[in-house]
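Asker: Okay, predicted coordinates and the sequence, questions at the end:
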Amino acid sequence: MKIGILQTGYAPEDMRETLGDYPTLFARLLDGNGFTFETYPVVDGIFPEGPDACDGWLVTGSRHGAYEDHPWIPPLEAFIRAIRDAGKPLVGVCFGHQIIAQALGGKVEKFPGGWSVGSNVYETEDGLAILNAWHQDQVTELPPGARVVASSPFCANAALAYGDQIYTVQAHPEFTSAAIASLLGSRAKGVVPDPLIAAATAKLETPTTAQAEAARMTALFKGKSQ
């Protein structure tokens, strides 16, 4: 099964050198499930021919805001709607979570509560999820048909399901402790408040439920989601 990765940003150089870029992190997260991957750097204006080019689709994270004025955002939103209309499975993570919501009629904003960085606990339909996060923007208004499947006191719309076809999550199941450590070293200083940096550093080795997220994504791609 071929998964198309719509790459909406690039990892910092030191992360790319040590851990790989965002598509590599997702391929590692979803390894062992019979998937092949093809990356389309939509951030550079390079798009697939259409939603039938792959069997399923995944939209990555990005340092950009979904509401920002970039020339590649409107065609990405149109492509997301084309994927939906074609009935192809679609997964979105962080920026992907936000741009899918925005493309389908929701609202994304810079959250007045500030940043979420590092290990976070979310309430889900099945219990608790523990995932690494890195974001300031949030989905603040749901699109029609979206159902909240994970939330926290800080992030009300932490994961959304749109029937059995689309699943999106605000946190980063593909981010290991090493990835968060890399971001803390390259993108946090002067941007993320120092107390949040310290708290995230202290929780670096907290175990996550990333494999449960990988299983959910895999089930959705294979048409077995519950």
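Answerer: On my side now, so go ahead. Residues are numbered from 1 along each chain as shown.
Asker: drop to CA atoms for contacts and neighbour counts, all remaining ones
Answerer: Will do.
Asker: Phi first, then psi, for residue 184.
Answerer: Phi and psi for residue 184, reported as degrees, to the nearest 10, are phi -60, psi -30.
Asker: and the residue lying closest to it once chain neighbours are set aside, how far is that from residue 73?
Answerer: In space, residue 184 comes closest to residue 197 once its chain neighbours are excluded; the distance is 6.9 Å by Cα to Cα, 6 or more residues apart in numbering. According to Cα to Cα, to the nearest Å, residue 197 stands 30 Å off from residue 73.
Asker: who's in contact with whichever helix or strand the residue nearest to residue 184 is part of?
Answerer: Taking DSSP states H and E as the criterion, residue 197 maps to helix 194-202. Contact partners of helix 194-202, identified using Cα atoms under 8 Å, 6 or more residues apart in numbering, comprise 115-119, 181, 184, 188.
Asker: got it, and stretch 57-70?
Answerer: With Cα under 8 Å, 6+ apart, stretch 57-70 has contacts from 3-10, 22-23, 73, 88-99, 102, 108-109, 137.
Asker: In helices, which of these fall?
Answerer: Residues of those located in helices (DSSP state H): 22-23, 73, 95-99, 102.
Asker: Only the buried residues of the helix or strand following the helix holding residue 197, if you could.
Answerer: Heading C-terminal from helix 194-202, the first helix or strand you meet, by DSSP H and E, is helix 210-221. Across helix 210-221, burial judged by 16 or more other Cα atoms under 10 Å covers 210, 213-214, 216-221.
Asker: The spatially most central residue of the chain pairs with what?
Answerer: By Cα atoms, centre = their mean, the chain has its centre lying nearest to residue 93, at 0.9 Å. Beta-bridge partners recorded for residue 93 (DSSP bridges): residue 169.
Asker: OK, contacts around it?
Answerer: Residues near residue 93 by Cα under 8 Å, 6+ apart: 58-61, 168-172.
Asker: Could you do residue 168 as well?
Answerer: Residue 168 neighbours (Cα under 8 Å, 6+ apart): 91-94, 96-97, 100, 159-161.
Asker: Any chance of a ChimeraX selection covering the buried ones in those?
Answerer: Buried residues within the contacts of residue 168, by 16+ other Cα under 10 Å, are selected in ChimeraX with:
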select :91,92,93,94,96,97,100,159,160,161
